[in-house]
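Peer 1: Starting from these lines, generate the structure:
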Amino acid sequence: VGITSVLRRYLVGALLVGGLVACAPVPTVPPAPSDITFGNPSANIGATTRFDPVRFAGDWHVVARFVETGETAAHDVIAVTYQQGKDRIVVVASEGAQTYAYDGTAVLRPKQGDPLIIMWVDEGFRTAVLGTPSGRVGYILDRKPNPRKDRLKAATEILKFYGWDTRRLKRTK
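Peer 2: Numbers count the residues shown, from 1 in each chain. Modelled structure (predicted):
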């Protein structure tokens with residue numbers, strides 16, 4: 001048996017073992033909560049030109065939100081206040097208050113983190129779609145806990161248009 005024959009067998013064996021290792025399942029680690037996105041972060045996201053902070057102010061119900069599989073979409077009521085002299089909008093929800101700078105557009109900017117974009121609001125300011133460019137946060141808001149189906153459908157279509165995975169959008173309870 002020559003050295004070439006031994007090397008050939010060794011090489012074939014190494015390739016077979018390498019092939020088996022490559023076929024082995026790779027353990028999956030669930031993404032950290034900050035890595036989970038519901039929208040396509042590379043997709044363009046638009047802000048409505050219809051936004052009016054005075055009309056947007058008031059109480060809103062979170063009627064649909066993006067949640068991880070198996071999670072319950074918790075209902076929440078948020079209060080929006082527009083502080084005109086200070087050019088800011090304050091949103092108070094169950095998690096606490098968040099202040100956003102208002103620059104005349106529907107892109108609300110916190111001191112830290114993703115801006116909150118009002119993608120759509122119906123003409124009567126009864127239903128709205130909000131989300132972040134990263135796709136980590138997305139909501140459908142309505143002035144009532146049970147919105148009209150046509151407005152809920154329109155809001156869902158807006159999210160689809162901007163690349164959000166609406167299969168993970170859940171009605172709140």
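
Peer 1: Low-confidence ranges, this protein, go.
Peer 2: 1-36, 69-70 (pLDDT under 70).

Peer 1: do that again at 80, thanks
Peer 2: 1-37, 40-42, 67-73 (pLDDT under 80).

Peer 1: mind listing the helices for it?
Peer 2: Ranges of helices in the chain, per DSSP state H, are 3-23, 53-56, 149-161.

Peer 1: What is the last one packed up against?
Peer 2: When you say that, I think you mean helix 149-161. strand 58-66, strand 116-121, strand 127-131, strand 138-142 (3 or more Cβ pairs under 8 Å, 6 or more residues apart in numbering; DSSP states H and E). Any C-beta I mention is one placed from the backbone N, CA and C, and that applies to glycine too.

Peer 1: Can you list the strands that the last one pairs with?
Peer 2: Strand partners for strand 138-142, identified by DSSP bridges, are recorded as strand 58-66 (antiparallel), strand 127-131 (antiparallel).

Peer 1: Could you check those strands and tell me which one is nearest Trp120?
Peer 2: strand 127-131 (4.4 Å; Cβ to Cβ).

Peer 1: Quick one: residues contacting Val54.
Peer 2: With contact taken as Cβ atoms under 8 Å, 6 or more residues apart in numbering, Val54 is in contact with 82, 84.

Peer 1: let's see it at 10 Å
Peer 2: 82, 84, 125 (Cβ atoms under 10 Å, 6 or more residues apart in numbering).

Peer 1: Quick check: it vs Phe125, distance?
Peer 2: 10 Å (Cβ to Cβ, to the nearest Å).

Peer 1: And for Phe56?
Peer 2: With Cβ to Cβ as the criterion, Phe56 and Phe125 are 6 Å apart.

Peer 1: Need the residues touching each of the two.
Peer 2: Arg50.

Peer 1: Which one's more surrounded, these two?
Peer 2: Phe56 (21 against 17; other Cβ atoms under 10 Å).

Peer 1: was I right about that one contacting Ala106?
Peer 2: Yes - Phe56 lies in contact with Ala106 (Cβ atoms under 10 Å); the separation is 8.7 Å.

Peer 1: that older thread, reformat the strands paired with strand 138-142 as a markdown table; add distance to Val92 and mean neighbour count.
Peer 2: A markdown table is the format used below for those (distance: least, Cβ to Cβ, whole Å; neighbours: other Cβ atoms under 10 Å):
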| stretch | distance to Val92 | mean neighbour count |
| --- | --- | --- |
| strand 58-66 | 10 | 20 |
| strand 127-131 | 15 | 24 |
